[in-house]
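K.L.:
Predicted model and sequence below, questions to follow.
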Amino acid sequence: MPLVAAEVALFPYRNSIKPSRVRRYDIQRLISDRPLQQTYSVAVQNLLYSLGSLPDDLEECWTLVRSVIHSSAKEVIGYRSDKMLSDASYDILQEKCTAKLR
């Protein structure tokens, strides 16, 4: 009876699809700016009022409320900027870049 010897190596599966980057709203600006809070609140109230009565289905109701919140946040608050460099550092880099091109 012959014996069989083998080496097995297992490699974890890597998903080649990278998740899309989620844009975040500028919540810190909303927290610190009182007039912006009031503007956002009014925008949400106006959109909810324009919907009229909400549907009985919970999923449809949540979808409508969620879309109202997101559209108001996009319009009033805006997205958070993920700046890694200060404006002064960015200006210095721009100057270096233009100097190299000359």
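P.N.:
Looks like it arrived, so ask away.

K.L.:
number of nearby residues for Tyr49?
P.N.:
Tyr49: 8 surrounding residues under other CB atoms under 10 Å. C-beta coordinates here come from the backbone N, C-alpha and C atoms, glycine included.

K.L.:
average pLDDT for the helix or strand hosting it?
P.N.:
Assigning secondary structure by DSSP states H and E places Tyr49 in helix 34-51. Mean per-residue pLDDT for helix 34-51: 93.

K.L.:
Could you list the buried residues of the next helix or strand after that helix?
P.N.:
Downstream of helix 34-51, the first helix or strand assigned by DSSP H and E is helix 58-72. Within helix 58-72, the residues scored as buried using 16 or more other CB atoms under 10 Å are Val68, Ile69, Ser72.

K.L.:
tell me which strands and helices helix 58-72 is in contact with?
P.N.:
Judged by 3 or more CB pairs under 8 Å, 6 or more residues apart in numbering; DSSP states H and E, the packing partners of helix 58-72 are helix 34-51.

K.L.:
Give me the distance from the helix it packs on to the chain's centre.
P.N.:
21 Å (CA atoms, centre = their mean, to the nearest Å).

K.L.:
CA atoms only for stretch 42-54, dumped as CSV, please.
P.N.:
Included here for stretch 42-54 are C-alpha records, laid out as CSV according to Å, rounded to 0.1, in the frame of the first residue of the first chain:
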residue,chain,number,x,y,z
VAL,A,42,-36.2,74.4,9.2
ALA,A,43,-35.1,72.6,6.0
VAL,A,44,-35.9,69.1,7.5
GLN,A,45,-39.3,70.4,8.8
ASN,A,46,-40.2,71.9,5.4
LEU,A,47,-39.3,68.7,3.5
LEU,A,48,-41.3,66.6,6.0
TYR,A,49,-44.2,68.9,5.7
SER,A,50,-44.2,68.7,1.9
LEU,A,51,-44.4,64.9,2.1
GLY,A,52,-47.8,65.1,3.7
SER,A,53,-48.9,61.9,5.4
LEU,A,54,-46.3,59.1,5.7
